[in-house]
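Engineer: Can you look at this prediction? I've put the sequence above it.
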Amino acid sequence: MKIAIVCYPTFGGSGVVATELGIALAEHGHEIHFITYKQPVRLQLLHSNVHFHEVTVPKYPLFHYQPYELALSSKLVDMVKLHKIELLHVHYAIPHAYAGYMAKKMLEEEGIKIPMVTTLHGTDITLVGNHPFYKPAVTFSINNSDAVTSVSESLKEDTLRLFNIKKEIHVVPNFIDIDKYNGSYSEKERDIIANKDEKIITHISNLRKVKRIDTVIEVFNRIQKKMPAKLIMVGEGPEKKPAEKLCREKGISEKVLFVGNSHEVDKILCFSDLFILPSEHESFGLVALEAMACGVPVISSNAGGLPEVNIQGKSGFLSDVGDVDEMSKNAITILECPKMHAKFKKEARKISKNFETKSVVPLYEKVYQNALKNV
Ligand code: GMT
């Protein structure tokens, strides 16, 4: 099948999932065309079935806002015609589903019928898409997709609760290539980050308000009062500066490393003893799954789809959003008991195997086949 994948090319989970999906599909023999404004961060163009087409929006002084949707839908039309693409798969509803729908309609005028699959990822529904500025357009483009998938049961429920949806939503969970997270690192590499007696706690996100960075810092603050520990903060975002300030105020700056965006997430996770994800909203929590695949127990909130990934008392612990007392207590309990820690590590890795690429990608293929049949 020739498939166009539209996604955000950045470090965010939706772009990562879309990229990994494209790579896995290419390995299954499909021809994949990534169409976005920059080469996706996890994409290496070393596969004969993978292509990348850049969307450019020329600057024009009249435009206060550059019309990216227009450029994207025109590019989609061009690429579908040029490469005889058979299906559009758009990740993140805003504005991709809207642009995809326009492309589909333009192609229809030329006698080309192509189905569009929309995958909902989280904030496109729970945070941004729900805003009255976008809601009618998001509702319209979901209802006019040929198939709709969501990355968790929780996100499906949120979508049905927040929007007037007439389409069936198929839950296709996020996935990972478990073999990539095999924990291979040398003690020497770990030593660069922390002393032997120090526990390594990690948080990875785009450091936005929704991730509750203040909770991450406070939970770590309480951990480091009980045992030698370092916190590694991976990612870039608006909450980075306030977080650095908070660390200074708490007198823990020397124990917190802000390392920015990283292409070595798997390596950092494999060094880690505990992962913290106390988000206010989290449709799935791909990064928690990545941590679990590395055998890292997760202390998270119980928001959104997190309970579908992080299993209470097995791969980690879940608490209500903002419950710093409970999160800290659970984190310390796991870290203080080597036997318990080892048990959680093993369970985390085991549970992550429920989300392996090889079992999830065929679910997308099935969605594609049905969409193609019904177009
Ligand atoms: O977490 C983010 O802020 C990034 C965001 C994105 O759209 O890239 O992530 C969302 O999609 C991921 C992949 O499906 C999910 O694992 C994240 O849980 C989801 N984020 C939120 O719901 C906040």
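Structural biologist: Yes, it's here. Residues are numbered from 1 along each chain as shown.

Engineer: So what's the residue count around whichever residue of the stretch 101-250 of the chain sits closest to the ligand?
Structural biologist: Using C-beta to the nearest ligand atom, residue 122 is the residue of the stretch 101-250 of the chain that sits closest to the ligand, at 2.4 Å. Backbone N, C-alpha and C define where each C-beta goes, glycine included. By the criterion of other C-beta atoms under 10 Å, residue 122 has 29 neighbours.

Engineer: same question, residue 197
Structural biologist: 8.

Engineer: which neighbours does the helix or strand containing residue 201 have in its sheet, and in what orientation?
Structural biologist: When elements are assigned from DSSP states H and E, residue 201 belongs to strand 199-204. Strand pairing for strand 199-204, using DSSP bridges, gives strand 229-234 (parallel), strand 274-277 (parallel).

Engineer: For the ones you listed, could you give me CSV that also reports mean pLDDT and distance to the ligand?
Structural biologist: Putting those into CSV (pLDDT from 0 to 100; distance: least, C-beta to the nearest ligand atom, whole Å) gives the following:
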stretch, mean pLDDT, distance to the ligand
strand 229-234, 98, 13
strand 274-277, 98, 9
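
Engineer: Determine which stretch of these is the most buried.
Structural biologist: Of the strands paired with strand 199-204, the one with the most neighbours on average (mean count of other C-beta atoms under 10 Å) is strand 274-277, at a mean of 28.

Engineer: My guess is residue 158 contacts residue 304. True?
Structural biologist: Yes: assessed by C-beta atoms under 8 Å, residue 158 is found in contact with residue 304 at 7.3 Å.

Engineer: overlap in contacts of the two?
Structural biologist: Residues touching both residue 158 and residue 304 by C-beta atoms under 8 Å, 6 or more residues apart in numbering: 126, 283.

Engineer: Show me which of those two is the more surrounded one.
Structural biologist: residue 304 (24 against 21).

Engineer: Do I have it right that the more buried one meets residue 154?
Structural biologist: Yes: between residue 304 and residue 154 there is a contact under C-beta under 8 Å: 4.7 Å.

Engineer: Need the residues touching each of these two.
Structural biologist: When contacts are counted by C-beta under 8 Å, 6+ apart, residue 304 and residue 154 are jointly contacted by residue 283.

Engineer: Who are the packing partners of the lowest-mean-pLDDT helix or strand in the chain?
Structural biologist: Lowest by mean pLDDT, DSSP states H and E among the helices and strands of the chain is helix 187-193, with a mean of 78. Judged by 3 or more C-beta pairs under 8 Å, 6 or more residues apart in numbering; DSSP states H and E, the packing partners of helix 187-193 are helix 265-271.

Engineer: residue ranges for the strands of the stretch 151-300 of the chain, please.
Structural biologist: 169-171, 199-204, 229-234, 256-260, 274-277, 298-301 (DSSP state E, counting those that start in this stretch).

Engineer: Name all residues that make contact with the residue lying closest to residue 144 once chain neighbours are set aside.
Structural biologist: Sequence neighbours aside, residue 101 is the residue nearest to residue 144 in space, at 5.2 Å (criterion: C-beta to C-beta, 6 or more residues apart in numbering). By C-beta under 8 Å, 6+ apart, the contact list for residue 101 reads 116, 140, 141, 144, 145.

Engineer: Which of these are buried? Put it as a PyMOL command.
Structural biologist: Selecting the buried subset of those in PyMOL, with 16 or more other C-beta atoms under 10 Å as the burial test, is done by:
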select buried, resi 116+141+144+145
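
Engineer: Same list, the contacts of residue 101, but as JSON lines with pLDDT and distance to residue 196 please.
Structural biologist: Shown next, in JSON lines, are those (pLDDT from 0 to 100; distance: C-beta to C-beta, whole Å):
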{"residue": "116", "pLDDT": "98", "distance to residue 196": "53"}
{"residue": "140", "pLDDT": "96", "distance to residue 196": "57"}
{"residue": "141", "pLDDT": "96", "distance to residue 196": "53"}
{"residue": "144", "pLDDT": "97", "distance to residue 196": "58"}
{"residue": "145", "pLDDT": "98", "distance to residue 196": "53"}
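
Engineer: Among the contacts of residue 101, which lie within strands?
Structural biologist: With strands defined by DSSP state E, the entries of the contacts of residue 101 inside them are residue 116.

Engineer: now, which of the contacts of residue 101 lie close to the ligand?
Structural biologist: Taking C-beta under 6 Å from any ligand atom as the test, the ligand is in contact with none of the contacts of residue 101.

Engineer: so which pair among the contacts of residue 101 is furthest apart in space?
Structural biologist: Using C-beta to C-beta, these span at most 12.6 Å, a distance reached by 116 and 140.

Engineer: coming back round to it: hmm, the strand holding residue 201 touching the ligand?
Structural biologist: No: judged by C-beta under 6 Å from any ligand atom, strand 199-204 and the ligand are separated, with a smallest distance of 9.9 Å.

Engineer: angle of that strand against strand 256-260?
Structural biologist: 40 degrees (axes from the mean of the first three to the mean of the last three C-alpha atoms, to 10 degrees).
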